[in-house]
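>>> structure for this input, please:
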Amino acid sequence: HAAYRAGRRLHEPAHHPVEVAPGVTVDAWVTLPDAGRWPAPHPLLVCLQGGGTQFGAHWSHELQLLAASGFATLYLNARGSAGYGDAWQRAVCGPRSHTPGRGWGHDDVRDVETVLDAVLAAHPDRLDRARVGVQGGSYGGLVTTWLLADSDRFAAGWAERGPYDLVGLAGTNDESPWFFEAYLGPTVVDDPAAYWAASPLRLARQITAPLCIVHSEQDLRCPVQQAEELFMALKLLDRPVELLRFPGESHGLSRTGSPVHRRQRLELLVDWFAGWLAPGGGGPQA
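Residues are numbered from 1 along each chain as shown. Down below sits the predicted model:
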């Protein structure tokens with residue numbers, strides 16, 4: 001154990017709050033890899049959380065692994081995350097919900113982009129703005145695909161266990177229909193247009209960066225059909241896309257999956273971004 005600790009250093013995140021709008025500050029954290037081992041400027045991964053959760057000063061083996069693999073990481077609590085009161089979390093509710101907001105893909109996406117721009121500007125010598133990736137799971141997968149469609153800031157993405165077609169999801173997942181009515185208001189029968197407007201699948205034509213879509217075959221929260229639909233759309237558009245399917249796993253693969261699959265997932269995650277965010281890019285094993 002002593003030899004293990006001597007050869008590996010834990011990376012301490014630095015708190016980096018950013019004012020994204022007048023009177024609105026988003027908490028963010030940046031972790032940098034060892035400058036002695038990994039020459040700057042470093043590739044940067046924007047890491048997004050699932051719905052109804054928050055980041056903070058907590059341990060994450062995944063973020064430590066990414067830092068040890070040469071990636072700087074940025075994670076943040078954009079509007080829509082938990083921990084900052086009801087109004088903050090409900091900002092992503094649709095305009096026809098009981099607590100109206102602008103909906104998914106608006107304030108949350110703008111917050112991520114604004115924080116990213118501020119962090120890159122604060123570390124011009126340490127972070128390479130040409131080698132920025134984005135990854136997230138569940139709601140974070142939705143935001144990942146939305147960001148790729150909305151911006152050219154990202155060289156590659158990793159979208160995991162995400163909801164991409166809310167019209168189809170509203171009748172097939174284990175939270176229907178109460179979850180969607182809470183966030184969008186009307187049912188999918190009464191207002192299918194609202195569900196489609198909140199679906200990043202409709203933006204597939206705007207996604208040009210390489211994307212790895214990761215899903216578990218026994219996911220009941222976001223059934224694997226969601227990944228298949230996005231994958232097929234991007235294949236039809238001849239985009240650089242891969243689909244990784246994990247058999248026998250659920251929505252909680254990265255936290256509660258089998259040890260072999262959790263390790264494989266981490267290895268594939270590092271390999272994906274090591275390929276696409278390497279100087280010159282080219283993809284894994286290029």
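>>> contacts, neighbours, all on C-alpha from now
Noted.
>>> okay, now residue 265: neighbour count?
Using other C-alpha atoms under 10 Å, residue 265 is surrounded by 18 other residues.
>>> residue ranges in the stretch 1-150 of the chain under the pLDDT threshold?
Within the stretch 1-150 of the chain, the stretches with pLDDT under 70 are 1-8.
>>> can you give me the strands for it?
In the stretch 1-150 of the chain, strands defined by DSSP state E, counting those that start in this stretch lie at 14-15, 18-21, 24-26, 28-31, 42-48, 72-76, 127-137, listed in chain order.
>>> below-threshold pLDDT in the stretch 151-286 of the chain: ranges please.
The model of the stretch 151-286 of the chain has pLDDT under 70 over residues 285-286.
>>> show me where it has strands.
Secondary structure of the stretch 151-286 of the chain (DSSP E, counting those that start in this stretch): strands located at 156-160, 211-216, 241-246.
>>> most tightly surrounded among those?
strand 156-160 (a mean of 27; mean count of other C-alpha atoms under 10 Å).
>>> who are the packing partners of that strand?
The criterion is 3 or more C-alpha pairs under 8 Å, 6 or more residues apart in numbering; DSSP states H and E, and the helices and strands that strand 156-160 contacts are strand 127-137, helix 139-150, strand 211-216, helix 259-276.
>>> CA atoms only for stretch 20-31 - export them in CSV, please.
Output in CSV follows, covering the C-alpha atoms of stretch 20-31 (Å, rounded to 0.1, in the frame of the first residue of the first chain):
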residue,chain,number,x,y,z
VAL,A,20,-23.0,33.3,-16.0
ALA,A,21,-25.6,36.1,-15.8
PRO,A,22,-26.1,39.1,-13.6
GLY,A,23,-26.5,37.8,-10.1
VAL,A,24,-26.2,34.2,-11.2
THR,A,25,-23.0,32.4,-10.2
VAL,A,26,-22.3,28.7,-11.1
ASP,A,27,-20.0,26.7,-8.9
ALA,A,28,-17.4,24.8,-10.9
TRP,A,29,-14.2,22.9,-10.1
VAL,A,30,-11.1,22.3,-12.2
THR,A,31,-8.6,19.5,-11.7
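>>> list the buried residues of it.
The neighbour-count check on stretch 20-31 (16 or more other C-alpha atoms under 10 Å) flags 20, 25, 26, 27, 28, 29, 30, 31 as buried.
>>> circling back to that earlier point, of the helices and strands packed on strand 156-160, which approaches residue 114 most closely?
helix 139-150 (11.8 Å; C-alpha to C-alpha).
>>> got a list of contacts for that closest one?
Contact with helix 139-150 is made by 48-51, 105, 108-109, 134-136, 154, 157-164, 199-200, 203-209, as judged by C-alpha atoms under 8 Å, 6 or more residues apart in numbering.
>>> relative to strand 127-137, how tilted is it?
130 degrees (axes from the mean of the first three to the mean of the last three C-alpha atoms, to 10 degrees).
>>> now helix 139-150, how far from the centre of its chain.
For helix 139-150, the distance from its own C-alpha centre to the chain's C-alpha centre is 7 Å (C-alpha atoms, centre = their mean, to the nearest Å).
>>> stretch 67-85 too?
In terms of C-alpha atoms, centre = their mean, the gap separating the centre of stretch 67-85 from the centre of its chain is 9 Å.
>>> what about that stretch, how long is it end to end?
End-to-end distance for stretch 67-85: 31 Å, by C-alpha to C-alpha, to the nearest Å.
>>> contacting residues around residue 203?
Residue 203 is in contact with 146, 149, counting by C-alpha under 8 Å, 6+ apart.
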